[in-house]
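**Student:** Sharing a model prediction with you, sequence too.
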Amino acid sequence: MGIPGSAPRSLATDPSGSPRWARHLQDLCRRLRFPEREGSRDGDFEEAWLLLASSLLRYLRYHACGAADVEPEDLEDVARQKTLDLLGRVEAGQWEPWTRHPHEVAGYLSQTAHKGLVDVLRFRGRFQPMSVLEPGGPEHGGDGPEAALVGAEDPFALVEREEFVRALCECADRLDARTRRAWFLRVFCGMPSREIATHPDVSSRPLAPAHVDVLLQRARIRIRERMRRKGFETREMPPGTFVELWEKLWRGEGR
């Protein structure tokens, strides 16, 4: 499943001149944040993902016109990553496009695409993969290299971490095997969607990278919701959580 290059013609503009695709995207995002009925989220998410990814890709192609050393795969990677970031912000209540004019939404997506393209051009060939023992980033809860060090520890902090790890492992176990392994490879191994899509532990036949993106976003949503029901916030990992999770989940996946 590739990313469409432009919005459907039927969503081009309305009588007022506003982009219909932007209005439709606003409605989808609002329903994602405030579901109107039980079980409607998956369908709304997939439609929002396709519309948002295709719009970002269209802007990326526009901004990349004439740029050297930019491959089509680079633009699709940026579109997918920005799409997941924006949808995650919608569900967290950090981006509310339905409160803006459709032209503002379109302009914001154009700026987002431009910044993503600038990042590709600026950091091409300079990225160094981070050690799995030095997560450091927000997706890993902010643990730094010191989290891998063993030393004296507050017993209350130890209990807190063990409870968090146990709860997160239980939530991950409730995912189907393919989704759980895709989530594990992204979070703990830092694999991009293109590599996860062809990983033999995820599927016997290669998947589309966009399919992997949808699996990952669904996994994040379900794990976050289940953790909240257990009384935990995934953004507030206790120090040292990442290393302990790595060991438990790695063994659990039979590696």
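**Tutor:** Received it, and whenever you're ready, just let me know what you need.

**Student:** going forward, measure contacts between C-alpha atoms and count neighbours the same way
**Tutor:** OK.

**Student:** contacting residues around L117?
**Tutor:** 60, 63-64, 75, 78 (C-alpha atoms under 8 Å, 6 or more residues apart in numbering).

**Student:** could you point out which element follows the helix or strand that contains it?
**Tutor:** Under DSSP states H and E, the secondary-structure element containing L117 is helix 102-123. Downstream of helix 102-123, the next assigned helix or strand under DSSP H and E is helix 155-173.

**Student:** That following helix - what's its average pLDDT?
**Tutor:** Helix 155-173 shows a mean pLDDT of 78 in the predicted model.

**Student:** so what secondary structure elements neighbour it?
**Tutor:** Helices and strands touching helix 155-173, by 3 or more C-alpha pairs under 8 Å, 6 or more residues apart in numbering; DSSP states H and E, are helix 209-229, helix 241-252.

**Student:** Comparing the ones you listed by mean pLDDT, which bottoms out?
**Tutor:** Checking each of these, the one with the poorest mean pLDDT is helix 241-252, at a mean of 66.

**Student:** On the three-state scheme, P200 is what?
**Tutor:** Taking DSSP: H, G, I helix; E, B strand; the rest coil as the rule, one finds P200 in the coil state.

**Student:** Number of residues surrounding it?
**Tutor:** 11 (other C-alpha atoms under 10 Å).

**Student:** Give me the longest helix you can find in the chain.
**Tutor:** With residue count as the measure and DSSP state H as the assignment, the chain has helix 41-64 as its longest helix.

**Student:** contact partners of the helix or strand hosting E73?
**Tutor:** In the assignment (DSSP H and E), E73 maps to helix 72-91. Applying C-alpha under 8 Å, 6+ apart, the set of residues contacting helix 72-91 from outside is 3, 29, 32-33, 49, 52-54, 56-57, 60-61, 95-96, 112-113, 116-117, 120, 210, 213, 217.
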